[in-house]
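Novice: What follows is a predicted protein model with its sequence.
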Amino acid sequence: MRTFYLALKYLAVLLWSAFVIFPFLWMISTSFKTANAVTAGAKWLPWLQFEPSLAGWRSLFGGVGGINILKPYANSAIVTLSGSAIALVLGTLAAYGLSRFTFKAGPLRNADITFFFISQRIMPPIVLAIPFFLMLRFLGLLDTLPGLILIYVAMLMPIAVWVMVDFFNSVPRGLDEMAWMDGCTPVTTFLRVILPNALPGLVVAAMFCLIFGWNDFFFAFTMTFTEVQLLPVSLVALNSSVTPWWSLSAAAIVSVAPLAVLAFVVERFLSRGGLAGAVR
Amino acid sequence: MLELSNLSVSEGRAEHLFDVTVGFRKGRLTTLLGRTGAGKTTMMRAIAGLAETDGGRIALDGKDWSRLAPWQRPVAMVTQQFINYPHLSVLDNVAFPLVRRNVLQDKAREAARDMLGRVGLGTMIDRRPSQLSGGQQQRVAIARALVKKAPVVLLDEPFVNLDYKLREGLREELVDLLKAERETIVIYASTDPREALQMGDDVILMAEGRAIQSGEPQNVYARPGTTRAAEVVSDPPINLIGMEVSGGQLRLDRLADLPARALGRDLPAGRYTLGLRAHSIRQGGDLSARVSLTEVSGSETVTHLQAAGQALVMLERTVTNHALGTTIALSLDLGEALVFDAQGRLIEKEPVHG
């Protein structure tokens, strides 16, 4: 009976894996197809069912009728990485403060301030587009990388605060006090004791920031014109009267790749138990 | 000498310590004895700088601590919860306070290894705290507290979350470890009068946020200053019985009328409270009482009784299973009885002269 259930489990896992992996395989296969191979029914295997072509991939790197994604790719990486890093640093500090100290701002208390951060994400982005646009214009940062980084920090910090407040709340206060007894100032307590124990939370927050930042199209589109282009916006330029599925597939692989790699790397951090053994 | 003068602490609206003035001597283990909520933990947190004080002074050898942050105070503390750093190995946990005090990593680890050997964890230095049992985790916490050689060591019911056997063993080990530190002030909080009387060189009785009596355990036990102190220091609970003295008669409320000489001393007419320890109530005699609860522990029996509306507790040095609801005969041995005046203050048997 146990073997039967085990077999059933494996079968379920296999089915689900196929369900998840299939679109990726299809995407990879399509990126090597030509117009004929795409339109003439389902074809799977290169060389046997269709003659593979690098046209899709060439079009990403300045080929005929294509674009050059290297610059937008670098721009996206710069904006996402710096935006996420700044948002994480600021958000983690804010979250620690909100978790450990009592604030009073008029009628507002800690929970209200935390909600204020999160509320930034509740509004539809379009509501923020005009104020952000005006602010960037006032600062002379429209269509620049620093301008975009600023917007991304504002959009990503609530995520960092939200995730980290919860994590810091789960780290017992007794640990802070014990660190004080052992000679740590509040800053060293944060760096040496609390942060290492909130590492899984930090990884989760970082992942959310990177995913949201990397995938953003709206602000990348509205806050730039000609000087600075991010990857999601540049990919739109691939589309013309005939949808170039081969180029779009290649572009999709290229843009998903960093996040896929990231997911594999951070997975082991997430599966590790966090605070076992702190306080019993 | 660590001195607390007129110390008051209130957190939020609740007041936890009222105007406490006590002293702790070097090289001695002082037990803070009191029930839960008596203010023991608050006093320790105030000493450590973790609880903000409303007023008063904390000073070590005359040096005021009021303006020192917790991380500047030379204090080590072990709490009821076993708090360790989950991200560090056992060795690095114990070395941590030394490293934070700028001791070189190697030296700190050497001292930590030595201390872990002394608490019996020499073979587990590479494990994480989460891989240890509760008793072992608390040993790590104790080792971390002791390795600093802080002049003040606070132990806030460190063994309360451990099972009985482990508690006994660890307590003895801890006392031995601390005896070696002759200059250290050790403060140990406990709710258990027996523990306090066995362990402490000195004892301070705490009740409702006040230090109500202090001194050597035997003295405090033999002559509790008030009825409250008698309650705090007695286990099993002391019997407090209202008493009227008039015309050569002792009238114990609802219990008995006795000739005044039964007490072995002369008292002016008036209201008193008689304090009778549980072992001074014996089976067999003129009084009768109904059994409401029997607790047999090891070789002793504590029996809770009702005699005409007066609750009594009797301790017998034998195992006797009194059936619930049965009536048994009792006698009172007034030889060691304590007498308190109408305000609840102890009246000394032989008035102290001078």
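Specialist: Looks like it arrived, so ask away. Just so it is clear, the structure is predicted and the values come from calculations on it, not from any experiment.
Novice: Would you map out the domains in chain B?
Specialist: In the domain annotation for chain B, the residue ranges read B:2-222, B:239-347 (automatic domain parsing).
Novice: and chain A, which of those domains is closest to it?
Specialist: Among the domains of chain B, domain B:2-222 comes nearest to chain A, with 2.8 Å by Cβ to the nearest Cβ. For the C-beta atoms, the positions are set from N, CA and C on the backbone; glycine is no exception.
Novice: what about the residue nearest the centre of chain A, distance to A:Ala160?
Specialist: Nearest residue to the geometric centre of chain A (Cα atoms, centre = their mean): A:Ile211, 1.1 Å. Using Cβ to Cβ, to the nearest Å, A:Ile211 is found at 13 Å from A:Ala160.
Novice: Poorly predicted segments of chain A, please.
Specialist: By pLDDT under 70, the low-scoring segments of chain A are A:63-65, A:240-241, A:269-280.
Novice: show me where it has helices.
Specialist: Counting by DSSP state H, chain A has helices at residues A:2-31, A:35-39, A:55-58, A:70-100, A:110-122, A:125-139, A:145-170, A:173-181, A:186-188, A:195-197, A:199-215, A:218-222, A:231-236, A:245-271.
Novice: cool, the stretch 51-200 of chain B as well?
Specialist: With helices called from DSSP state H, counting those that start in this stretch, the stretch 51-200 of chain B shows them at B:90-100, B:105-118, B:134-147, B:164-179, B:193-199.
Novice: Quick one: residues contacting the residue nearest to the centre of chain A.
Specialist: Counting by Cβ atoms under 8 Å, 6 or more residues apart in numbering or on different chains, A:Ile211 makes contact with A:Leu259.
Novice: Please identify the residues of the stretch 101-250 of chain A in proximity to chain B?
Specialist: A:172, A:174-175, A:177-185, A:188, A:192-193, A:196-197, A:199 (Cβ under 8 Å from any Cβ of the partner chain).
Novice: what about residue 239, neighbour count?
Specialist: In the absence of a named chain, chain A is used. Here the number of neighbours of A:Asn239 (other Cβ atoms under 10 Å in any protein chain shown) works out to 11.
Novice: Oops, wrong one, chain B.
Specialist: Neighbourhood size, B:Asn239 [other Cβ under 10 Å]: 23.
Novice: gap between it and A:Asn169?
Specialist: Using Cβ to Cβ, B:Asn239 is found at 48 Å from A:Asn169.
Novice: which one of the helices of the stretch 51-200 of chain B has the lowest average pLDDT?
Specialist: Of all the helices of the stretch 51-200 of chain B, helix B:164-179 carries the lowest average pLDDT, namely a mean of 81.
Novice: hmm, back to that, mind giving me the ChimeraX command for buried ones among the residues of the stretch 101-250 of chain A next to chain B?
Specialist: In ChimeraX, this line selects whichever of these come out buried by 16 or more other Cβ atoms under 10 Å in any protein chain shown:
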select /A:172,174,175,177,178,179,180,181,182,183,184,185,192,193,197
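Novice: Could you pull out the helices in the stretch 201-350 of chain B for me?
Specialist: B:217-222, B:227-233.
Novice: Identify the residues contacting the shortest one?
Specialist: Right, the one you point to is helix B:217-222. So helix B:217-222 is contacted by B:31, B:193, B:196-197, B:200, B:202-203, B:205, B:213-214, B:229, B:233-234 (Cβ under 8 Å, 6+ apart).
Novice: swap in stretch A:119-134?
Specialist: Outside of stretch A:119-134, the residues within contact range by Cβ under 8 Å, 6+ apart are A:142, A:151, A:154-155, A:157-159, A:162, A:218-219, A:222-223.
Novice: Only the buried subset of those residues, as a PyMOL command please.
Specialist: Those of these that count as buried under 16+ other Cβ under 10 Å are selected in PyMOL with:
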select buried, chain A and resi 142+151+154+155+157+158+159+162+219+222+223
